[in-house]
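Visitor: Please find the sequence and the predicted model below.
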Amino acid sequence: MRFLPKLLNKAVKSGTLTLIEPDGNRTSFGEPDGSKPVTMKIHDKSLDWKIAFNPELKTAEAYMDGTLTFEDGEVYDLLTLFYRNRRHFDHSANMIFWSGVARSMKRLHQHNPISKSRANVKHHYDLKDELFDLFLDEDKQYSCAYFPSGDETLEEAQTAKKSHIISKLNLKPGQKVLDIGCGWGGMALQIAATEDVTVKGITLSDNQARIARQRAEEAGVSDRVSFEICDYRELDEKFDRIVSVGMLEHVGAPHLKEYFLTVRNMLGPDGVALVHSISTKSPPGVTGPFIRKYIFPNGYSPALSEIVAAIEPTGLWVLDVEVWRKHYGFTLNEWRKRFAERRDEAVAMYDERFARMWEFYLAASEGVFMYGSSCVVQLQIGRQRDGVPLSRDYMYD
């Protein structure tokens, strides 16, 4: 093998990686640093140039196809090693090339009209409901949980997340609330359980809407909580409060201004919105090729600078900004471990290749929050300067 060993020799500095080639030849890279050593075996000679030429995508596909396996460690350990050495990989000529290609096609990749948005949502969220039950908490919260002390269970942390967001909404009796991207209804149902308000949740997933409606019926709140299959751009209605958790990542960079203009137009005169989104401490970038191709087509986590730039022309006030750093890493760690415990069920639902793809997705996502530049931001925005009290005390009463 010619190309892959050269890449690994330049890029792996922290931790140790041993490469076993198809002919059995072994080569080790890096230096011990206390992390778990990784030994990966390549079963296809063509991966020598494929992985070297496009490391992120072709490593994922090789693992999915079973042409990349492990004798020591697992895919999570490989990806952890990658993130610990990411700056060396990113400085390789091929990574610079693919990053440039992705940046040049960013607007095309994230062009997201309503028709395309529906298809993208169905690609991921209309997978079998039982798949998500393998790793999510009982409330099916598919977004970052909140670990204020760090030792909460996943269920406790997801409840804390919802409570934290509800406190920021500063709700008053009789108000109308819109939940954009309501998922399986957990946030809307929690609001209805704790506040005297009416809630409308919207989603583009048939499966999510069906389950959310069923849950509202079972909870006896269907007179105050409704769920519709609807794009946020199709609504012509006013609300006192708007909440959106984990949905901004599906808007696309070219549509951020449109999104916040739509939020503004749906808010009443004293309206307040709380937007919770994956973001990054880095400048605006692109979505990784594996995530874009296999997990979230058109998905993109905007930088805080992009979000604020999209809000500024709308006339809305940014009332509060909070940055969550490792919370999503802790969340994904729980999801990854729960999925591993029930992996056989995922194989039975789909196949081995799908299970490997999902393992790679969860492990890569955890790594970027624990070792990369990703974070979560919560922005509270409103029509009026005094839309909420001037201090944060009300959030914690």
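Guide: Sure, I can see it. Quantities reported herein were computed from a predicted structural model and do not represent experimental measurements. Numbers count the residues shown, from 1 in each chain.

Visitor: ok, now which ones touch residue 397?
Guide: Counting by Cβ atoms under 8 Å, 6 or more residues apart in numbering, residue 397 touches residue 167. Bear in mind the C-beta positions are built from the backbone N, C-alpha and C, glycine included.

Visitor: What pLDDT does the model give the residue most central in space within the chain?
Guide: With distances taken as Cα atoms, centre = their mean, residue 278 lies nearest the centre of the chain, 6.0 Å away. On pLDDT, residue 278 comes in at 98.

Visitor: In three-state terms, label it for me.
Guide: strand (DSSP: H, G, I helix; E, B strand; the rest coil).

Visitor: Mind listing the residues bridging to it?
Guide: residue 376 (DSSP bridges).

Visitor: Residue 332 versus that one, what's the distance?
Guide: Residue 278 sits 11 Å away from residue 332, taking Cβ to Cβ, to the nearest Å as the criterion.

Visitor: got it, and residue 174?
Guide: Taking Cβ to Cβ, one finds residue 174 at 38 Å from residue 332.

Visitor: out of the two, which sits in the more crowded spot?
Guide: residue 332 (23 against 10; other Cβ atoms under 10 Å).

Visitor: where does the more buried one land on pLDDT?
Guide: At residue 332, pLDDT is 98.

Visitor: for it, what are its contacts?
Guide: 362, 365-366, 369.

Visitor: got those as JSON lines, with pLDDT columns?
Guide: As requested, the contacts of residue 332 are exported to JSON lines (pLDDT from 0 to 100):
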{"residue": "362", "pLDDT": "98"}
{"residue": "365", "pLDDT": "97"}
{"residue": "366", "pLDDT": "97"}
{"residue": "369", "pLDDT": "96"}
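
Visitor: buried subset of those residues?
Guide: Using 16 or more other Cβ atoms under 10 Å as the burial test, the contacts of residue 332 include 362, 365-366, 369 as buried.

Visitor: from the residues you listed, which single one is nearest residue 17?
Guide: Minimum distance to residue 17 across the buried ones among the contacts of residue 332 is 18.8 Å, recorded for residue 366 (Cβ to Cβ).

Visitor: isn't that closest one right next to residue 336, touching?
Guide: Yes. If you go by Cβ atoms under 8 Å, residue 366 and residue 336 touch, sitting 5.8 Å apart.

Visitor: can you list residues touching both of these two?
Guide: residue 76.

Visitor: which strands and helices sit next to the helix ranked longest in the chain?
Guide: The longest helix of the chain (DSSP state H) is helix 352-370. In terms of contacts (3 or more Cβ pairs under 8 Å, 6 or more residues apart in numbering; DSSP states H and E), helix 352-370 is packed against helix 55-65, helix 75-84, helix 289-290, helix 327-341, helix 343-349.

Visitor: Using CSV, list the CA coordinates for the last one.
Guide: This means helix 343-349. Output in CSV follows, covering the C-alpha atoms of helix 343-349 (Å, rounded to 0.1, in the frame of the first residue of the first chain):
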residue,chain,number,x,y,z
ARG,A,343,-27.6,-3.7,18.1
ASP,A,344,-29.0,-7.1,17.1
GLU,A,345,-32.5,-5.6,17.0
ALA,A,346,-31.3,-3.0,14.5
VAL,A,347,-29.8,-5.7,12.3
ALA,A,348,-33.1,-7.6,12.4
MET,A,349,-35.0,-4.4,11.5
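
Visitor: Buried residues, it. List them.
Guide: Those would be 343, 346, for helix 343-349 by 16+ other Cβ under 10 Å.

Visitor: pLDDT below threshold where in the stretch 1-150 of the chain?
Guide: 88-118, 120-121 (pLDDT under 70).

Visitor: all strands of it, in order?
Guide: For the stretch 1-150 of the chain, the strands defined by DSSP state E, counting those that start in this stretch occupy 15-20, 26-31, 38-42, 68-72.

Visitor: which strands and helices sit next to the second one?
Guide: It stands for strand 26-31. Using 3+ Cβ pairs under 8 Å, 6+ apart: strand 26-31 touches helix 3-11, strand 15-20.

Visitor: circling back: and residue 380, which of the helices and strands packed on helix 352-370 is closest to it?
Guide: Nearest of these (Cβ to Cβ): helix 327-341, 17.4 Å.

Visitor: Give me the angle between that closest one and helix 352-370.
Guide: Inter-element angle recorded for helix 327-341 and helix 352-370: 160 degrees (by axes from the mean of the first three to the mean of the last three Cα atoms, to 10 degrees).

Visitor: what's the average pLDDT for stretch 190-203?
Guide: The model assigns stretch 190-203 a mean pLDDT of 97.

Visitor: what about residue 372, which SS state?
Guide: coil.

Visitor: For residue 301, see how far away it is.
Guide: 11 Å.

Visitor: Over to residue 381?
Guide: From residue 381 to residue 301 the distance is 18 Å (Cβ to Cβ).

Visitor: Kindly report the same for residue 268.
Guide: 29 Å.

Visitor: quick one, which of those two is more surrounded?
Guide: The residue with more neighbours, out of residue 268 and residue 301, is residue 301; 21 against 14, by other Cβ under 10 Å.

Visitor: My guess is that one contacts residue 282. True?
Guide: No. Residue 301 is beyond contact range of residue 282, at 10.4 Å (criterion: Cβ under 8 Å).

Visitor: of all the contacts of residue 332, which comes closest to residue 180?
Guide: residue 365 (22.2 Å).

Visitor: so who does that closest one touch?
Guide: Contacts of residue 365 by Cβ under 8 Å, 6+ apart are 328, 332.

Visitor: and it, how far is that from residue 8?
Guide: 23 Å.

Visitor: now swap in residue 370 and tell me
Guide: Distance, residue 370 to residue 8, by Cβ to Cβ: 22 Å.

Visitor: more neighbours, those two?
Guide: Using other Cβ under 10 Å as the criterion, residue 370 and residue 8 rank with residue 8 on top: 23 against 18.
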